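Asks: Could you look at this predicted model? Sequence included:
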Amino acid sequence: MYVPPGYLLYVRDRTVLAQKFDVERAQLQGDAMTVVSDVADNTTLSATAGGMLALTEVTTHGRLLWLNRAGKELRATELPKPLGAMALSPNNKQLLGHSNEGGNFVVWLIDLDRSVSTQMATDAAFPVWAPDGARFVYTSIRSGEGDLFVRSIAGSSEDVPWLKTNDVKVPTDWSADGWSIVFTNNNQRNVWILPTFGDRKPFPFLPSPSHTSTGRVSPDGRWLAYVSDETGKNEVEKVLEHLRLLGLTLDKTAPALDFGCGVGRLTRALADHFPECWGVDISPTMIRLAEEFNKDCERCHFCLNQTSSLAMFRDEYFAFIYTSIVFQHIERQYVENYLLELIRALKPGGVFVFQIPDRFNAGFLEKLRHKLRLRSRLARMFKRRSDVFLMDMHCIPESAVRKLLFSPEIRIADIQRTNSTDPSFNGNLQYLDHDPDRSYISKQYCLIKSP
């Protein structure tokens, strides 16, 4: 932003900079000066001619609060940084957690009795204690993927790689007997087990078409709790409730469409609200599984489509169309065509809700790191077996979506940020009130076709 008497204020690498600006020549002059550091990448600036500056500030410290069951604060511990994925040691005297240092994740060890903080690992996140309290497992992103490493808290030994694959892996627990590490495979979106003995060959805990995550082993080792989106009901109910709050009324006497249905989780959930629900997908395997898993639901119908059109559906047939985490894996030219095809199939007065990433939100250095990691993935892809599939992320900015959909028969009723592009997304749809830092910005659009 421009500030009299002749400065340009801008944010770069989480730092607010001021640089002289010649208005007549439209040129920057001299070197940039630091105004304030450690701000959000998407911070909002506002300045007056009198020299006052308002901005969104990010704290450089954190506090760990101890509460009793009634919510009363018992004590507090100062932390060196705001920490995520915090984990108490088995003896409750130490704490592990990760911080985000301008796009670089760092694992910290906090001695709670002495309030001493020690940096344990860089390019590392999601630490989980071993039951002996002497080691921890964490996700390392040094190679561009999320591999599992183990490190001693003594700090005398180097990090030991325990599992290196082409998938992003997030540890969530280490069993009390020490025999198993539980982790979420973010690429396949399910819970896996890594044995700590023998050849340490990982295996899925519960092979399922649904998405599972955040596995936790009971203290006696007999049970494993996890999060699942098996039915898809939570996501559908969240969307329908949001439409209700917008004052929109759906015609629940007409069919609904789940575009990119996969195994039909959302199709089945929509069948609770509509008399006829269609699911369409490009994968023969997904359609076969969808028909198998939903054979007891007479309202559900599934259709294979491997073309860029939806000619199998007649004009103005569906009262409601929904698609999420589908367009982000399709090239832009095909997405634009599908959008127009879906609008063609929407009834007058019908509602169409779709999600697509808007952009990758980060500072300059983090965007550069992101591009380099993507290139390294692409380079490795050509060296992999032919049966390994890599899903790219495709974005379309809001301005381009609005331009494409500009028509007298279409009204954009609502646009919301969502958590759908979060690597750990498991169907628990959330609406966000701000752009997440260092991540893809996911937007959900709600369209209404004129009666």
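Replies: That came through fine.

Asks: pretty sure F259 contacts Y322?
Replies: Yes - the pair F259 / Y322 is scored as a contact, 7.3 Å apart, by C-beta atoms under 8 Å. Where C-beta positions appear, they are placed from N, C-alpha and C, glycine not excepted.

Asks: Now do the shared contacts for these two.
Replies: F354 (C-beta atoms under 8 Å, 6 or more residues apart in numbering).

Asks: Looking at these two, which has the bigger crowd around it?
Replies: Y322 (27 against 24; other C-beta atoms under 10 Å).

Asks: Check which helices and strands the helix or strand hosting that one is in contact with.
Replies: Per DSSP states H and E, Y322 falls inside strand 318-323. The contact analysis (3 or more C-beta pairs under 8 Å, 6 or more residues apart in numbering; DSSP states H and E) places strand 318-323 against strand 256-259, helix 265-270, strand 346-361.

Asks: among the ones you listed, which is nearest R222?
Replies: helix 265-270 (28.5 Å; C-beta to C-beta).

Asks: Not counting the closest one itself, show me its contacts.
Replies: 209-210, 229-233, 235-237, 256, 258, 261, 277-279, 290, 293-294, 297, 300, 302, 320, 322, 324, 427.

Asks: rerun that using 6 Å as the cut-off
Replies: 232-233, 236, 256, 258, 261, 277, 279, 294, 297, 300 (C-beta atoms under 6 Å, 6 or more residues apart in numbering).

Asks: which residues in the stretch 51-200 of the chain form strands?
Replies: Ranges of strands in the stretch 51-200 of the chain, per DSSP state E, counting those that start in this stretch, are 53-55, 62-67, 73-79, 84-88, 94-101, 104-111, 116-122, 124-129, 135-140, 147-152, 160-163, 169-174, 180-185, 190-195.

Asks: Off-centre distance for the fifth one?
Replies: Averaging C-alpha coordinates over strand 94-101 and over its chain gives two centres that are 20 Å apart (C-alpha atoms, centre = their mean, to the nearest Å).

Asks: In the chain, what helix or strand scores lowest on average pLDDT?
Replies: Across the helices and strands of the chain, mean confidence by mean pLDDT, DSSP states H and E is lowest for helix 364-381: a mean of 45.

Asks: Pull up the gap between V401 and L250, please.
Replies: 22 Å (C-beta to C-beta, to the nearest Å).

Asks: Correction: the previous question concerned I448.
Replies: In terms of C-beta to C-beta, I448 sits 11 Å off from L250.

Asks: Equivalent analysis for L243, please.
Replies: Counting by C-beta to C-beta, the gap from L243 to L250 is 7 Å.

Asks: for A345, same thing?
Replies: In terms of C-beta to C-beta, A345 sits 16 Å off from L250.

Asks: who's more crowded, those two?
Replies: Set A345 next to L250 and count neighbours by other C-beta under 10 Å: A345 wins out with 22 against 17.

Asks: neighbours of the residue lying closest to the more buried one once chain neighbours are set aside, just the number please.
Replies: Spatial nearest neighbour of A345, chain neighbours left out: F313 (4.5 Å); criterion: C-beta to C-beta, 6 or more residues apart in numbering. Using other C-beta under 10 Å, F313 is surrounded by 21 other residues.

Asks: chain center to the strand holding Y322, what's the gap?
Replies: For strand 318-323, the distance to the chain centre is 24 Å (C-alpha atoms, centre = their mean).

Asks: can you check stretch 343-355 too?
Replies: 26 Å.

Asks: Now do it, average pLDDT.
Replies: What stretch 343-355 shows for mean pLDDT is 96.

Asks: returning to that earlier point: so which of the helices and strands packed on strand 318-323 comes closest to E73?
Replies: strand 346-361 (34.2 Å).

Asks: Mind listing what's buried along that closest one?
Replies: For strand 346-361, burial by neighbour count (16 or more other C-beta atoms under 10 Å) applies to 346-347, 349-358, 360-361.

Asks: got the CA positions of that strand in PDB?
Replies: Taking Å, rounded to 0.1, in the frame of the first residue of the first chain, the C-alpha atoms of strand 346-361 are listed here in PDB:
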ATOM      1  CA  LEU A 346     -29.000 -28.200 -13.100                       C
ATOM      2  CA  LYS A 347     -32.700 -27.400 -12.900                       C
ATOM      3  CA  PRO A 348     -33.900 -23.800 -12.800                       C
ATOM      4  CA  GLY A 349     -33.900 -22.800  -9.200                       C
ATOM      5  CA  GLY A 350     -31.400 -25.600  -8.400                       C
ATOM      6  CA  VAL A 351     -28.300 -25.300  -6.200                       C
ATOM      7  CA  PHE A 352     -24.800 -26.300  -7.300                       C
ATOM      8  CA  VAL A 353     -22.000 -26.400  -4.600                       C
ATOM      9  CA  PHE A 354     -18.400 -27.100  -5.600                       C
ATOM     10  CA  GLN A 355     -15.000 -26.700  -4.100                       C
ATOM     11  CA  ILE A 356     -11.700 -25.800  -5.800                       C
ATOM     12  CA  PRO A 357      -8.300 -24.500  -4.600                       C
ATOM     13  CA  ASP A 358      -7.900 -20.700  -5.300                       C
ATOM     14  CA  ARG A 359      -4.100 -20.500  -4.900                       C
ATOM     15  CA  PHE A 360      -1.100 -21.500  -2.800                       C
ATOM     16  CA  ASN A 361      -0.700 -18.900   0.000                       C
END
